[in-house]
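In: The sequence and its predicted three-dimensional model are supplied below.
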Amino acid sequence: MTFTSLIFAIFAAVTILLYFALPLGRNRWVVLLAASYFFYVYNSYKYTAFILLTTATIYAAAVRMESISEKTKALIKEKKAELSREERKALKKQAESRRKTLLALTLLLNFGILFMLKYLNFLAGGLMSLLGGADRSGGTEIIHLLLPLGISFYTFQATGYLIDVYRETVRAERNPAKFALFVSFFPQIVQGPISTFEHLGEQLFADRKPEWIRFKTGGELILWGMFKKLIIADRAVNAVTTVSGDYWSYSGEMILFAALLYAFQLYADFSGGIDIARGVARILGIDLEVNFRQSYFSRSISEYWRRWHITLGAWMKKYVFYSLAVSKGFMNMSKAIGSGKYKDSPVVKHIAKTLPTALASFIVFLLIGIWHGANSRYIGFGLWNGAVIAFSALMMPVYERALKALRIRAESWIWQGFQMLRTFVIILVGYYFDIAPDLRGAIDMMKRSVFDLHGVPALSQLRELGLYRSDLLVLAYGFVIMLFFSIRLEKTGIETPGDLLCRRPAWIQWIAIFIGIMSLLLFGMYGSGYDAADFIYMGF
């Protein structure tokens with residue numbers, strides 16, 4: 001039941017009708033819970049036990065942690081006059097130790113499930129290859145399991161909530177059914193965005209009346225997502241997979257073309273799926289987090305990761321980066337560097353100040369790479385991004401002095417254009433890890449893209465990939481439309497094309513909607529005998 005299928009459209013429409021058909025105050029959220037579990041069981045019925053286990057363990061742990069904290073505070077308040085300061089501190093320390101142990105065990109269990117299902121075969125294969133008993137790709141299967149739908153997304157969302165309860169930034173949800181809805185909410189279970197309980201919780205359970213503006217802008221967001229997915233992403237996917245699956249048979253320019261095409265396919269696919277999810281949620285009166293902001297307009301790799309898969313980056317920053325950067329070990333490292341023989345050197349001062357955050361960033365992006373999948377290429381992806389970001393942070397003074405020496409104005413549109421192009425090239429290198437079969441294949445494809453060039457790909461070569469002149473024209477049309485709206489959204493700061501159109505007269509809005517629908521009908525990849533491509537991030 002993919003987002004672009006007819007059965008999903010029927011399912012979503014029935015859910016919306018049932019949701020608003022219930023009178024206000026009649027626990028409408030139960031409809032969302034039933035729909036979410038129907039969607040999950042329909043798509044991944046063999047592995048429903050895993051999401052139930054995550055939901056049950058994290059719900060119980062959060063309630064128990066909050067109970068320990070509240071009982072300890074109540075006890076101290078009740079016996080404040082009888083307890084000495086040391087005794088109060090001892091009670092708090094004991095409660096904190098119990099809460100921390102419970103947190104650690106619950107996280108270990110849930111990340112252990114994720115590890116077992118996603119990475120065990122890969123690591124076992126790697127170990128066997130070292131012992132000479134398997135191929136170097138890590139193909140030995142210890143267990144034969146498909147990944148449960150959305151396991152990386154719902155695990156991160158649920159564990160983030162547990163950490164927030166531990167930190168006492170949110171209250172534990174006492175209703176297990178409500179918490180189950182937070183973990184399984186169907187528009188976001190497939191590929192995000194990853195939400196926080198603080199942002200999503202109250203929205204899921206609040207009663208609201210149907211609003212025409214939400215139906216309209218939500219529908220426009222779904223239409224925009226379908227446009228990107230069916231016109232751009234699904235038209236490009238076969239060409240990309242054909243080259244990447246047999247790259248040694250293609251020249252460098254064809255591999256480079258496939259990598260460039262993948263950059264736009266991935267953006268259209270992932271952001272398109274998120275748009276559909278946000279559109280369905282918006283019709284229901286729920287605002288999911290923005291996950292993309294014109295990512296390819298970024299002028300640095302750090303900015304790119306603040307615009308791309310925003311909620312994953314925010315999760316890593318909140319729960320991993322800060323914990324590492326301000327940890328005792330990292331702080332001691334900074335002090336040791338800054339108190340040495342050359343402590344007065346500006347270079348040493350900069351390194352002492354920057355190294356903890358640079359190293360924390362490197363670790364975070366290594367984890368992001370591993371999060372994407374059990375393959376050496378994803379480790380390479382994480383190492384590449386982490387190394388570039390860490391190196392950029394450490395070399396910032398050199399960069400700033402070079403700009404000053406060369407008299408380059410940072411606000412110059414030529415310089416900003418160069419920064420965007422430079423950043424896109426860095427991003428493109430990272431995409432080779434995405435499309436290659438493994439790490440060695442990614443490096444080989446990069447070499448071929450540089451040293452095996454024979455000019456621009458000919459139309460006859462593109463036809464071998466299934467891209468005829470009509471396909472290229474449709475892709476060009478899709479790119480132009482996507483670029484136009486991206487520029488307008490970047491200039492105005494508005495989130496979606498639908499919100500942008502709301503500022504125009506009604507007749508312009510309806511013409512744009514009509515063009516969008518007709519574009520889908522005429523140019524979309526669908527119909528009898530066509531097997532729609534899965535969303536790329538469904539695999540994560």
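Out: It's in.
In: next SSE after the worst-scoring helix or strand of the chain on mean pLDDT?
Out: Among the helical and strand segments of the chain, the one scoring lowest on mean pLDDT, DSSP states H and E is helix 328-338, with a mean of 82. Next along the chain after helix 328-338, taking DSSP states H and E as the criterion, comes helix 346-372.
In: confidence score at the most far-flung residue of the chain relative to its centre?
Out: Distance from the centre of the chain peaks at Glu82, with 51.8 Å (Cα atoms, centre = their mean). If you check Glu82, the pLDDT there is 86.
In: measure it to Phe20 for me?
Out: As defined by Cβ to Cβ, to the nearest Å, Glu82 lies at a distance of 56 Å from Phe20. C-beta: built from backbone N, CA, C; applies to glycine.
In: What segments of the stretch 201-350 of the chain are helices?
Out: Listed in chain order, the helices found in the stretch 201-350 of the chain under DSSP state H, counting those that start in this stretch are 212-226, 234-245, 252-283, 301-307, 310-316, 322-325, 328-338, 346-372.
In: neighbours around Cys502, how many?
Out: Close neighbours of Cys502, defined as other Cβ atoms under 10 Å, add up to 15.
In: Next one, pLDDT for it please.
Out: Note on Cys502: pLDDT of 89.
In: Quick check, it in contact with Ile508.
Out: No. With contact defined as Cβ atoms under 8 Å, Cys502 does not count as touching Ile508 (10.4 Å).
In: contacting residues for the residue nearest the centre of the chain?
Out: The structure's the chain has its C-alpha centroid closest to His309; by Cα atoms, centre = their mean the separation is 3.8 Å. By Cβ atoms under 8 Å, 6 or more residues apart in numbering, the contact set of His309 is 192, 270, 291-292.
In: where does the chain have low pLDDT?
Out: Low-confidence segments of the chain (pLDDT under 70): 124-145, 340, 526-540.
In: Do a quick rundown of the strands in it.
Out: Remark: strands of the chain are absent; assignment by DSSP state E.
In: out of all of them, which helix in it is the longest?
Out: helix 85-130 (DSSP state H).
In: Which other helices and strands does that helix contact?
Out: Using 3 or more Cβ pairs under 8 Å, 6 or more residues apart in numbering; DSSP states H and E, the elements in contact with helix 85-130 are helix 48-78, helix 151-167.
In: Return the most buried member of those helices.
Out: helix 151-167 (a mean of 22; mean count of other Cβ atoms under 10 Å).
In: wait, what's in contact with the closest residue in space to Leu103 that isn't next to it in sequence?
Out: Nearest non-adjacent residue to Leu103, counting by Cβ to Cβ, 6 or more residues apart in numbering: Tyr166, 4.8 Å away. Going by Cβ under 8 Å, 6+ apart, Tyr166 touches 65, 99-100, 103.
In: Quick one: buried ones out of these?
Out: Among the contacts of Tyr166, the ones that count as buried by 16 or more other Cβ atoms under 10 Å are 65, 99, 103.
In: Surely the last one and Met65 touch.
Out: Yes. Counting by Cβ under 8 Å, Met65 is a contact partner of Leu103 at 6.7 Å.
In: who touches both of the two?
Out: Contacts common to Leu103 and Met65, judged by Cβ under 8 Å, 6+ apart, are 162, 166.
In: Residues touching stretch 30-42, excluding its own?
Out: 1, 11, 15, 18-19, 22, 48, 51, 149-150, 177-178, 180-181, 184-186, 189, 204, 284.
In: Inside helices: which ones of those residues?
Out: Counting by DSSP H, those place 11, 15, 18-19, 48, 51, 177-178, 180-181, 184, 186, 189, 204 in helices.
In: with those in mind, which one is nearest to Ile255?
Out: Nearest to Ile255 among these: Ile189, at 34.7 Å, using Cβ to Cβ.
In: For that closest one, which residues are in contact?
Out: 36, 39-40, 149-150, 153-154.
In: Near the nearest residue to Trp415 once chain neighbours are set aside, how many other residues are there?
Out: Leaving aside its chain neighbours, Trp415 sits nearest to Ile408 (5.5 Å; criterion: Cβ to Cβ, 6+ apart). Ile408 has 12 neighbouring residues, counting by other Cβ under 10 Å.
In: now swap in Glu168 and tell me
Out: So Glu168, with other Cβ under 10 Å, has 12 neighbours.
In: Look up how far Leu359 lies from Leu103.
Out: Taken as Cβ to Cβ, the spacing of Leu103 relative to Leu359 amounts to 24 Å.
In: from what I can see Lys118 touches Thr155, true?
Out: No. The pair Lys118 and Thr155 fails to qualify as a contact (Cβ under 8 Å) at a distance of 9.7 Å.
In: Identify, from the ones in helices among the contacts of stretch 30-42, the entry nearest to Leu421.
Out: Relative to Leu421, the closest of the ones in helices among the contacts of stretch 30-42 is Ile189; by Cβ to Cβ it sits at 36.7 Å.
In: Can you give the contact residues for stretch 87-105?
Out: With contacts defined as Cβ under 8 Å, 6+ apart, stretch 87-105 is touched by 61, 64-65, 68-69, 71-72, 75-76, 80, 83, 162-163, 166.
In: do that again at 10 Å, thanks
Out: Contacts with stretch 87-105, where a contact means Cβ atoms under 10 Å, 6 or more residues apart in numbering, come from 57, 60-62, 64-73, 75-76, 79-80, 83-84, 159, 162-163, 165-168.
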